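Participant: Structure here, sequence nowhere to be found:
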């Protein structure tokens, strides 16, 4: 069908192309522009000269001349060729040739000079190649020279017979010769450069030297390799003074990835392994994942954990079947835990608006000589009609051995519900009256209580009206529940808000929200929360670099401390690259026991981006304890033209950070030495020496805490109580 559309489009576009005018065929699949165009009837070829341009989906093809084969659906362009793939722009000289196959969007390019930046790399790769071939997922280059340095005089360069680029995975160069600072280092059968950000814990190719508290002096290496059928991996060889010899391998293949790493020596059986595998199995899409960690000095010495997960899914037209299995076991000292779960889910769409699902989940747990076995079952049948949607749902938990789980789910035994709105029922002429209705009847069991329930609920979701320059927000609802235990409960909900602009960048907001339940319910989960609050906020933007926000609220249901904290927010941004934010909370209800100040906290954040000088600082002061819960600073500044210093210092939740790095810019390379002195929940002291290619991602120790958490230092978006300071970004 696409072939016919493209052929007809070219035929109809002939006169327009002859005049150099664009023509777009049906469906906007492609657009063409050309100079002189004619059609060869016998060969079924369109031939264009004097400049031609083809736009097809995300691709843009340009050249001096070209032709299109109607039967093969292949365009061939020559001279001054360029190809924009949506990610990269590839250009060639007067002798360049580009062929493009429209059905599968495969293309080849000869005599190309280009820059490519695959997903995963932080800088582009400069490429000279005799030919390139591309698809939507892969780029292949032949007789190629590549570098991430300036292409005129590269500090390093890789010459290879073939190069394959898989975005966000790897770059594989076969029969590759590496040149560093003009000196030929070696020729290898395959050179693999990983570009996956989630595995960027060490630089590719170049060893890392350093010293740490847990490992002593160490040398860590990555020896990458490549195999057939897109298989690749890395062999790890680490020599550590305190732990011994660490060896491991990570193998990446078409269906997944497997890795194993063990420390031989003082580590005492330190072993970790991971498996991620996916394939078709007996008609199912199968995914197998597993992990083993034993006596890891990086986690908890003397402990072990193991888990494996198998998920099977099969979709066949109206049917969807899912099977899942998980096994896990952990041991730490005298504490042992084991668990096994198995699940079955079957869904079937029996009509355009009807579907049914059933599920079974089996769980077995054992800990401290106590074991439990449970079977949870559920069924759900839903059918949509023009006026109403009907649903029947039921679920039940059976205890097969031991006692039921502490977190026993709410059981439906079963429940029938009808859902609609006033427009579908013919009570309103248009959909602008968004009142939804629900009527349900059924039986429930929760926390040892069993009761029937009939429910009626009418809800008007919040809507916004404009009155002059003001915005009015209204919403509300009514809910009535009657129980077989001779009890009943109803609740009314309402919300109204008004926002009045003041000038160009200021406004005042006043909002009132209430929910008033009356009666009794035997179920905790079914009782609406009672509230009656009035909140207000004001935003003042006097000039473009100043923003002030303040907010407060009053809780009419709270007789002891009815006033909510007064929140204040100040942002000063005199120019792009300078931002100061102050965020405070003030208690206006009076001091409580042990409190020494009305201020709950005072937060300050500073972000500076002045050319290459970067600084992020943040503090959180708690007047009640007269201490800083958090005070951190992160500095990144150049020293001269080739050197820079990075530093991180401060405390956060009892953890002290002291980190300094001195780095020298070598163009496309960077040499650095980092000193780390952290103390608190976890102590880490040592240094690391590293030479890396800047274009390849490496984990940044200055942006993560002791347990891998993001430190988020500086002045990003800050939100509290509905008052938000937006981050324009730098």
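Facilitator: Cool, the structure landed. None of the values given here were measured: they were computed from a predicted structure.
Participant: could you give the mean pLDDT of the helix or strand hosting residue 260?
Facilitator: For residue 260, the host element (DSSP states H and E) is strand 256-264. The average pLDDT within strand 256-264 is 91.
Participant: Name the residues of it that are buried.
Facilitator: 257, 258, 259, 260, 261, 262, 263 (16 or more other CB atoms under 10 Å). For the C-beta atoms, the positions are set from N, CA and C on the backbone; glycine is no exception.
Participant: Who does that strand pair with, and is each partner parallel or antiparallel?
Facilitator: Using DSSP bridges, the strands paired with strand 256-264 are strand 244-253 (antiparallel), strand 271-281 (antiparallel).
Participant: for the stretch 401-550 of the chain, which spans come out with low pLDDT?
Facilitator: The stretch 401-550 of the chain contains residues with pLDDT under 70 at 404-406, 432-433, 542-543.
Participant: Strands along that one, start to end?
Facilitator: Listed in chain order, the strands of the stretch 401-550 of the chain (DSSP state E, counting those that start in this stretch) span 411-421, 436-446, 449-467, 470-483, 487-502, 506-519, 531-540, 546-555.
Participant: Next, format those strands as CSV and append mean neighbour count.
Facilitator: Converted to CSV, these look like this (neighbours: other CB atoms under 10 Å):
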stretch, mean neighbour count
strand 411-421, 17
strand 436-446, 17
strand 449-467, 14
strand 470-483, 17
strand 487-502, 16
strand 506-519, 16
strand 531-540, 17
strand 546-555, 18
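Participant: Let me have those strands in JSON lines, adding distance to residue 302 as columns.
Facilitator: JSON lines is the format used below for the strands of the stretch 401-550 of the chain (distance: least, CB to CB, whole Å):
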{"stretch": "strand 411-421", "distance to residue 302": "41"}
{"stretch": "strand 436-446", "distance to residue 302": "41"}
{"stretch": "strand 449-467", "distance to residue 302": "44"}
{"stretch": "strand 470-483", "distance to residue 302": "53"}
{"stretch": "strand 487-502", "distance to residue 302": "53"}
{"stretch": "strand 506-519", "distance to residue 302": "51"}
{"stretch": "strand 531-540", "distance to residue 302": "49"}
{"stretch": "strand 546-555", "distance to residue 302": "50"}
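Participant: does the nearest residue to residue 132 once chain neighbours are set aside belong to a helix or a strand, and which?
Facilitator: Spatial nearest neighbour of residue 132, chain neighbours left out: residue 109 (4.4 Å); criterion: CB to CB, 6 or more residues apart in numbering. For residue 109, the host element (DSSP H and E) is strand 106-116.
Participant: Could you list the buried residues of that strand?
Facilitator: Neighbour-count burial for strand 106-116, with 16+ other CB under 10 Å as criterion, is recorded at 107, 108, 109, 110, 111, 112, 114, 116.
Participant: swap in stretch 274-286?
Facilitator: By neighbour count on 16+ other CB under 10 Å, the buried set for stretch 274-286 is 284, 286.
Participant: For residue 351, state which of the buried residues of strand 106-116 is nearest.
Facilitator: Within the buried residues of strand 106-116, the smallest distance to residue 351 is 44.2 Å, found for residue 107 (CB to CB).
Participant: Might one say that the closest one is in contact with residue 83?
Facilitator: Yes: taking contacts as CB atoms under 8 Å, residue 107 lies within contact range of residue 83: 6.7 Å.
Participant: how about the helices in the chain?
Facilitator: Secondary structure of the chain (DSSP state H): helices at 2-12, 14-18.
Participant: Let's have the buried residues of strand 106-116 in a markdown table, adding distance to residue 380 and pLDDT.
Facilitator: Listed next are those as a markdown table, based on distance: CB to CB, whole Å; pLDDT from 0 to 100:
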| residue | distance to residue 380 | pLDDT |
| --- | --- | --- |
| 107 | 48 | 87 |
| 108 | 52 | 87 |
| 109 | 53 | 86 |
| 110 | 58 | 83 |
| 111 | 61 | 78 |
| 112 | 56 | 74 |
| 114 | 54 | 72 |
| 116 | 49 | 74 |
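Participant: from the residues you listed, which is closest to residue 321?
Facilitator: residue 107 (39.2 Å).
Participant: could you measure that closest one against residue 80, distance?
Facilitator: 17 Å (CB to CB, to the nearest Å).
Participant: Likewise for residue 391?
Facilitator: 63 Å.
Participant: show me where the stretch 51-200 of the chain has strands.
Facilitator: Counting by DSSP E, counting those that start in this stretch, the stretch 51-200 of the chain has strands at residues 59-63, 65-69, 74-78, 82-84, 89-92, 97-101, 106-116, 125-134, 139-147, 156-166, 170-180, 183-194.
Participant: Is it possible to get a markdown table of those that adds distance to residue 288?
Facilitator: Formatted as a markdown table, those follow (distance: least, CB to CB, whole Å):
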| stretch | distance to residue 288 |
| --- | --- |
| strand 59-63 | 37 |
| strand 65-69 | 45 |
| strand 74-78 | 41 |
| strand 82-84 | 39 |
| strand 89-92 | 39 |
| strand 97-101 | 36 |
| strand 106-116 | 32 |
| strand 125-134 | 32 |
| strand 139-147 | 30 |
| strand 156-166 | 22 |
| strand 170-180 | 22 |
| strand 183-194 | 22 |
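Participant: Would you mind saying which of these lies nearest residue 623?
Facilitator: strand 183-194 (48.9 Å).
Participant: who's in contact with that closest one?
Facilitator: Strand 183-194 is contacted from outside by 158, 160, 169-179, 200, 204-205, 224-227, 232-234, 696, using CB atoms under 8 Å, 6 or more residues apart in numbering.
Participant: What's opposite the nearest residue to residue 568 once chain neighbours are set aside in the beta bridge?
Facilitator: In space, and not counting its chain neighbours, residue 568 is closest to residue 584: 4.6 Å by CB to CB, 6+ apart. In this structure, residue 584 bridges to residue 568, residue 602 when assessed by DSSP bridges.
Participant: ok, now how distant is residue 584 from residue 505?
Facilitator: With the distance defined as CB to CB, residue 584 ends up 22 Å from residue 505.
Participant: more neighbours, the two?
Facilitator: residue 584 (19 against 14; other CB atoms under 10 Å).
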